[in-house]
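[1] when you get a sec, could you give me coordinates for this:
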Amino acid sequence: MKKITLISVLVLGAILLCACGNNGKKQPDSTTTEPTTSEITQETTDATTTAESKIETTITTITTISTTVPETTTASTAKLNLDLLADIGRSYSQLLAKRGELIGAEISGGSIEYYFKNGYGAYCWGLEELDWGQEVSGSWPLPWDDNDNLILADLQKPAANCGSIWYVKPSELFLGLERSITSAEIEKSYGLKHIGTESLEDFTIYGNEKYISTFSYNGKEILIYTKEKDKVDLGSCINID
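    Below you'll find the predicted structure:
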């Protein structure tokens with residue numbers, strides 16, 4: 001009986017020793033979990049995506065602002081129509097071959113104005129170049145029919161040179177022009193010399209024009225009729241002599 005009791009005491013002591021065998025260290029709480037590798041990777045990816053999104057938004061905003069800058073005429077697009085200017089001094093027969101068939105004619109002051117299919121404005125010759133042998137009132141024989149309509153006929157002196165081109169549009173002479181432009185800009189961008197600007201006062205020629213600006217280029221005189229002083233718009237009228 002004493003043996004059994006001793007064994008029981010020994011067993012109980014062994015159990016107590018096992019319970020206290022961790023040197024007093026606290027065991028981890030079974031309810032607390034450490035973040036896994038996949039969770040850490042996901043957090044890093046989310047943070048990177050957010051930063052990239054902010055960068056993309058900033059780039060998009062800058063791009064949008066840059067596209068709102070208005071276009072202007074630059075030196076690369078601003079060119080003088082030398083082909084038009086070269087028509088002055090050509091003969092009637094040369095212009096007929098270059099600009100196509102004759103589609104209209106008018107008498108204005110001391111000149112006859114011819115319009116060609118592929119021409120610019122009105123090509124002018126003096127009335128002294130006309131010789132139809134038809135006597136009418138006035139200084140020169142003009143090609144009128146019995147109903148007082150101007151007859152559309154070729155110039156009787158085909159070797160006579162064109163002295164002027166009238167009613168030219170600014171966009172036809174100043175290539176690349178898409179907006180109003182000042183006299184100073186014309187000098188800088190197109191190489192014309194601005195001689196001066198005068199007021200037409202109460203006298204207008206082509207509508208509401210109040211000023212006439214005179215330019216020169218390679219021996220030619222260029223007159224521009226404008227509504228505002230030293231400001232040429234797309235509706236202004238140009239005569240070249």
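
[2] and the closest residue to Ala159 other than its chain neighbours, how far from Ala160?
    With sequence-adjacent residues excluded and distances taken as CB to CB, 6 or more residues apart in numbering, Ala159 is closest to Ser91, at 5.1 Å. Backbone N, C-alpha and C define where each C-beta goes, glycine included. Here Ser91 is placed at a distance of 6 Å from Ala160 (CB to CB, to the nearest Å).

[3] equivalent analysis for Ala78, please.
    On the measure of CB to CB, Ala78 and Ala160 end up 34 Å apart.

[4] between those two, tell me which one has more neighbours.
    Between Ala78 and Ala160, Ala78 has the larger neighbour count (other CB atoms under 10 Å), namely 19 against 16.

[5] what sits against the more buried one?
    Phe174, Leu175, Gly176, Leu177, Ser189, Tyr190 (CB atoms under 8 Å, 6 or more residues apart in numbering).

[6] surely the fifth one is in a helix?
    In this case it means Ser189. Yes. According to DSSP: H, G, I helix; E, B strand; the rest coil, Ser189 belongs to a helix.

[7] run a quick neighbour tally on it.
    Neighbours around Ser189, by other CB under 10 Å: 19.

[8] what's the separation between the nearest residue to it once chain neighbours are set aside and Ile240?
    Using CB to CB, 6+ apart and skipping residues adjacent in sequence, the residue nearest Ser189 is Ala78, 4.1 Å away. For Ala78, the distance to Ile240 (CB to CB) stands at 18 Å.

[9] hmm, back to that, buried subset of the contacts of Ala78 as a ChimeraX selection?
    Those of the contacts of Ala78 that count as buried under 16 or more other CB atoms under 10 Å are selected in ChimeraX with:
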select :174,175,177,189,190
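
[10] save the contacts of Ala78 as JSON lines, and put in distance to Ala122 too.
    JSON lines is the format used below for the contacts of Ala78 (distance: CB to CB, whole Å):
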{"residue": "Phe174", "distance to Ala122": "19"}
{"residue": "Leu175", "distance to Ala122": "20"}
{"residue": "Gly176", "distance to Ala122": "24"}
{"residue": "Leu177", "distance to Ala122": "21"}
{"residue": "Ser189", "distance to Ala122": "26"}
{"residue": "Tyr190", "distance to Ala122": "22"}
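
[11] out of the contacts of Ala78, flag the one nearest to Lys98.
    Leu175 (18.2 Å; CB to CB).

[12] for the closest one, give the beta-bridge partners.
    Residues in a beta bridge with Leu175, per DSSP bridges, are Lys79.

[13] mind listing the helices for the chain?
    2-19, 37-66, 82-85, 92-99, 170-173, 183-190 (DSSP state H).

[14] buried residues in the last one, which are they?
    For helix 183-190, burial by neighbour count (16+ other CB under 10 Å) applies to Ser183, Glu185, Ile186, Ser189, Tyr190.

[15] could you do stretch 79-94 as well?
    Buried, per 16+ other CB under 10 Å, within stretch 79-94: Leu80, Asn81, Leu84, Leu85, Asp87, Ile88, Arg90, Ser91, Tyr92.

[16] show me the domain layout of this structure.
    73-81+166-241, 89-162 (automatic domain parsing).

[17] who's in contact with Asn218?
    Leu85.
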